[in-house]
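Q: okay, predicted coordinates and the sequence, questions at the end:
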Amino acid sequence: MENVDYSLIIPVYNEEETLSELYKQVSSLIEKLDGEAEVILVDDGSKDRSYSLMIDIHNIDPRFKIIRFSKNFGHQIAITAGMDFAGGKAIIIMDADLQDPPEVVLEMAACWREGYDIVYAQRAERQGETFFKKLTAAIFYRLLHKLTQIDIPVDVGDFRLVDYKALEAFKVLREHNRYVRGMFSWIGFKQIGITYQRSARFAGRTKYPFKKMLKLALDGIFSFSNIPLQLVLKLGMTIIVVSLLGFIILAILALDRRVISGLIWLYFFIALTCGLQLFGMGLIGEYVGRIYEEAKNRPLYIIKTLHGLETDKIFMPHYNYQSKHDTTAAG
Ligand code: UDP
Ligand code: MG
């Protein structure tokens with residue numbers, strides 16, 4: 001891996017219409033950066049001419065490098081592969097469609113030079129997107145914010161700059177259903193957001209149809225929240241309590257020699273069994289949730305710096321992550 005200052009990672013899926021403009025804008029951007037840069041284009045199984053256009057770009061300008069997938073693995077996996085190969089001291093993730101304005105990268109780099117480990121871009125406005133996309137995105141980010149224990153900032157996509165020390169910690173997280181922006185929140189480090197105007201797509205149509213968007217949204221919720229699981233348990237318990245109360249009232253009325261229709265008894269009996277079933281499912285769910293947590297195999301904690309202690313003396317499997325670099329200088 002090369003020693004450059006900046007690695008730009010750009011996932012590409014059927015972007016033949018945008019690639020030449022992308023090259024123009026990104027190559028002029030890296031001229032403006034205060035250090036050497038490489039650009040890693042990740043071809044996520046494109047079916048159009050994207051790959052051959054990328055080869056042309058690489059032949060003209062070897063700073064542009066290519067990872068070609070054997071098929072479409074999805075955007076989140078594509079940016080992960082790019083990060084695995086990145087050799088820069090700062091890594092920038094941006095889209096191929098120029099919705100993430102290249103000049104914002106200069107602002108990010110300035111924040112990084114100030115000592116921030118992660119600089120994420122927060123959308124102030126979205127141009128050229130459908131009302132439906134804006135509405136679903138607005139609802140989703142706020143719902144996710146309510147549901148998760150960790151603080152995932154709202155209206156933040158994957159457009160961000162990451163210092164290589166934070167990136168090394170991120171690389172330890174190898175879960176399959178990836179919600180990269182949430183994973184970056186989870187690892188901690190010194191983070192800051194900058195707001196920007198999200199432009200319209202340069203050309204072509206979104207490569208995120210509703211189905212892919214829904215999958216990403218569900219990954220975000222299920223990877224970072226077990227509230228949906230607990231909901232089942234709580235609903236089951238509520239139904240049990242209500243139907244038991246119903247039985248008590250019915251029993252008092254019956255003792256009072258009032259005639260109560262058998263149907264009403266039956267109604268509460270059915271409610272009780274439903275409640276018990278939900279409760280049982282919720283219980284199993286709690287265990288499934290714990291298995292899921294273990295299966296993700298995330299590190300238990302991530303250490304940024306140690307003072308007067310060394311890690312080589314302690315039991316340190318990968319699930320206690322200690323950065324090999326002292327990050328105090330960065331704050
Ligand atoms: N992308 C990808 N694999 C996919 C879908 C999208 O690599 O399966 C890339 C796409 O080429 C673009 C970025 O991910 O560079 C974001 O996709 P898009 O702009 O279509 O999403 P939107 O901005 O509409 O949410
Ligand atoms: Mg886009």
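A: It's in. Ligands and ions are numbered 1, 2, ... in the order given.
Q: show me what the lengthiest helix in the chain is packed up against.
A: Longest helix of the chain, by residue count under DSSP state H: helix 262-296. Packing contacts for helix 262-296, counted by 3 or more Cβ pairs under 8 Å, 6 or more residues apart in numbering; DSSP states H and E, involve helix 227-255. C-beta coordinates here come from the backbone N, C-alpha and C atoms, glycine included.
Q: buried residues of the helix it packs on, list them for me.
A: Buried residues in helix 227-255, counted by 16 or more other Cβ atoms under 10 Å: L229, V232, L233, L235, G236, I239, I240, S243, G246, L250.
Q: could you save the residues you listed as CSV and add columns showing pLDDT?
A: Formatted as CSV, the buried residues of helix 227-255 follow (pLDDT from 0 to 100):
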residue, pLDDT
L229, 86
V232, 92
L233, 93
L235, 95
G236, 96
I239, 96
I240, 97
S243, 95
G246, 93
L250, 91
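Q: among these, which one lies nearest to ligand 1?
A: Nearest to ligand 1 out of those is L229 (Cβ to the nearest ligand atom; 28.3 Å).
Q: the helix or strand encompassing I10 vs ligand 1: in contact?
A: Here I10, judged by DSSP states H and E, is contained in strand 4-12. Yes - using Cβ under 6 Å from any ligand atom, strand 4-12 reaches ligand 1 at P11, V12.
Q: kindly report the same for stretch 200-208.
A: Yes - shown here: stretch 200-208 in contact with ligand 1 (Cβ under 6 Å from any ligand atom) through T206, K207, Y208.
Q: highest neighbour count among these?
A: In terms of neighbours by other Cβ atoms under 10 Å, these top out with K207 at 20 neighbours.
Q: quick check, it in contact with V12.
A: No - look at K207 against V12 with Cβ atoms under 8 Å: they stay out of range, at 9.3 Å.
Q: ok so, going back, just the ones of the residues of stretch 200-208 next to ligand 1 in strands?
A: Counting by DSSP state E, none of the members of those fall within strands.
Q: so which of those are in helices?
A: Per DSSP H, these never map to helices.
Q: surely V12 meets L41?
A: Yes - when contacts are counted by Cβ under 8 Å, V12 is listed as touching L41 (5.5 Å).
Q: hey, what's in contact with both of the two?
A: Counting by Cβ atoms under 8 Å, 6 or more residues apart in numbering, the shared contacts of V12 and L41 are M54, A96.
Q: would you mind listing what in the chain touches ligand 2?
A: Within the chain, the positions adjacent to ligand 2 are D95, D97, Q99 by Cβ under 5 Å from the ion.
Q: pLDDT score assigned to M316?
A: At M316, the model reports a pLDDT of 61.
Q: I meant I227, not that one.
A: Confidence for I227, expressed as pLDDT, is 87.
Q: so it versus Q149, what's the distance?
A: 9 Å (Cβ to Cβ, to the nearest Å).
Q: what do you get for S52?
A: 46 Å.
Q: quick one: contacts for the most centrally placed residue in the chain?
A: Central residue of the chain (Cα atoms, centre = their mean): Y179, 2.5 Å from the mean position. Counting by Cβ under 8 Å, 6+ apart, Y179 touches Q76, L216, D219, G220, S223, F224.
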